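> This is a predicted model, with the sequence first.
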Amino acid sequence: MTGRMCLWALVACAAARASLQLEIHYPVIERFLARQMFTAEGRHYVRGSRDTKCGFAYLENPRIAASGGRLVISARFAGRSALDLLGGCVGLGDSFDLTLRATPDYDNGVLTLKDVEANTTALRNLYVSRVLRALRDELPRQFRYPLLAEAKRTLERERDPNFDLAMSGFHVVSVQAANHALVLILDFRLEVK
């Protein structure tokens with residue numbers, strides 16, 4: 001099927017339906033996170049960098065799933081909050097597996113996370129509790145996917161000298177964390193000019 005025929009099939013489908021269901025499978029979200037956030041040798045530094053010997057914190061090996069309508073992000077945390085004293089680090093540090101649970105949401109053109117909970121099976125101490133609290137508070141600020149801009153860019157990408165595409169009236173009806181994918185029900189208007 002040529003690009004033009006595919007376009008007209010999409011336009012006919014969009015005209016016939018009031019809404020569109022978009023499923024983003026969890027491996028795709030994992031790849032997005034790896035490309036956008038876990039860029040330092042597969043790590044996402046929330047404090048310091050790989051060159052910071054005694055004061056750093058990072059997450060690695062993220063895995064995405066869903067349970068009870070919420071996203072479940074599992075990752076490995078490693079961190080240290082210590083002083084460099086005579087070439088050695090003196091202070092707190094730990095590494096442990098953790099689970100972040102969050103409700104996906106759409107707000108003002110951006111796919112976000114809300115109601116974040118952070119848990120671990122590791123032995124709780126002051127350091128671990130502070131890390132979980134910080135991650136719970138920071139994740140909603142760091143995970144922001146520009147859904148409206150990406151949808152507009154993707155749908156309007158088709159270029160033909162005989163017509164232009166324009167998307168308008170973009171509205172997210174619902175966002176759900178299903179067992180296999182993040183499911184979004186979208187409502188929008190696509191014009192061929």
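It's in.

> tell me which element residue 62 falls in.
strand 55-67 (DSSP states H and E).

> quick one: the strands in the protein?
Here the chain has its strands, by DSSP state E, at 20-25, 43-47, 55-67, 70-85, 88-107, 110-120, 165-177, 181-192.

> which parts of the longest one are buried?
Within strand 88-107, the residues that qualify as buried by neighbour count (16 or more other Cβ atoms under 10 Å) are 94, 96, 98-104, 106. For glycine as for every other residue, the C-beta is placed from the backbone atoms N, C-alpha and C.

> for the third one, same thing?
For strand 55-67, burial by neighbour count (16+ other Cβ under 10 Å) applies to 55-60, 62, 64, 66.

> Quick check: end-to-end length of stretch 33-44?
Using Cα to Cα, to the nearest Å, one end of stretch 33-44 lies 9 Å from the other.

> Need the residue closest to the centroid of the chain.
With distances taken as Cα atoms, centre = their mean, the residue of the chain nearest its centroid is residue 143 (5.1 Å).

> Could you pull up phi and psi at that one?
Dihedral pair for residue 143: phi -90, psi 100, per degrees, to the nearest 10.

> Identify the residues contacting it.
Residues near residue 143 by Cβ atoms under 8 Å, 6 or more residues apart in numbering: 37, 112-113.

> so what pLDDT did it get?
What the model reports as pLDDT for residue 143 is 82.

> again, but for residue 5
pLDDT recorded at residue 5 is 46.

> can you check residue 177 too?
pLDDT, residue 177: 94.

> Over to residue 60?
90.

> now residue 41
On pLDDT, residue 41 comes in at 81.
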